[in-house]
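K.L.:
Quick check, what structure comes out for this input:
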Amino acid sequence: METKIANIEEDTDFNHSLQCIHCKCLLNGKPWLSVNYEEKIYNACKYNCGVKMHLYVGTNYWEKVINKEDFNEPRPVFQVRNITDITTGFDMEQIRYEIAKEDERIRLIEENYENESSNSDEEYFE
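P.N.:
Residues are numbered from 1 along each chain as shown. Alright, predicted model coming up:
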């Protein structure tokens, strides 16, 4: 796979240490991703640009990443959030009551249907 490094090398206005490799924006502070490739440092300003880094330095560049401390392997480190089940803990008694009430209603409908059908059968055969 051919990388886009050749195009950047021809661009005399591109500054490897101050600009994002993909969107060419000026970097303020620490870049999101820095890769040391062929004695030059290539930076990405944000996740979306970092995902495109393989277009510029090729694949399998993890060994060349400079700021590995910012990542938990190839992903950024995020705080772990506990996600709770949103369907429990509210009005469970009301829901159980409604289910029992509906079950009783269905049972009465079925009994009524059976009684009506058996009565009509008796009248039909007499």
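K.L.:
Regarding E102, what is its secondary structure?
P.N.:
Each residue gets one of three states, and E102 gets helix by DSSP: H, G, I helix; E, B strand; the rest coil.
K.L.:
Just say helix, strand or coil for E63.
P.N.:
helix.
K.L.:
Report pLDDT for D11.
P.N.:
Per-residue confidence for D11 comes out at a pLDDT of 52.
K.L.:
how about the strands in the chain?
P.N.:
33-37, 40-44, 71-72, 75-76 (DSSP state E).
K.L.:
Dump these to a markdown table, plus mean neighbour count, distance to E104 and mean pLDDT.
P.N.:
No exception for glycine: its C-beta is placed from N, CA and C like everyone else's. Compiled in a markdown table, the strands of the chain are given as follows (neighbours: other C-beta atoms under 10 Å; distance: least, C-beta to C-beta, whole Å; pLDDT from 0 to 100):
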| stretch | mean neighbour count | distance to E104 | mean pLDDT |
| --- | --- | --- | --- |
| strand 33-37 | 20 | 62 | 90 |
| strand 40-44 | 20 | 63 | 91 |
| strand 71-72 | 12 | 54 | 70 |
| strand 75-76 | 10 | 53 | 58 |
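K.L.:
so which of the ones you listed gets nearest C25?
P.N.:
The minimum distance between C25 and the strands of the chain falls on strand 40-44, with 10.1 Å, by C-beta to C-beta.
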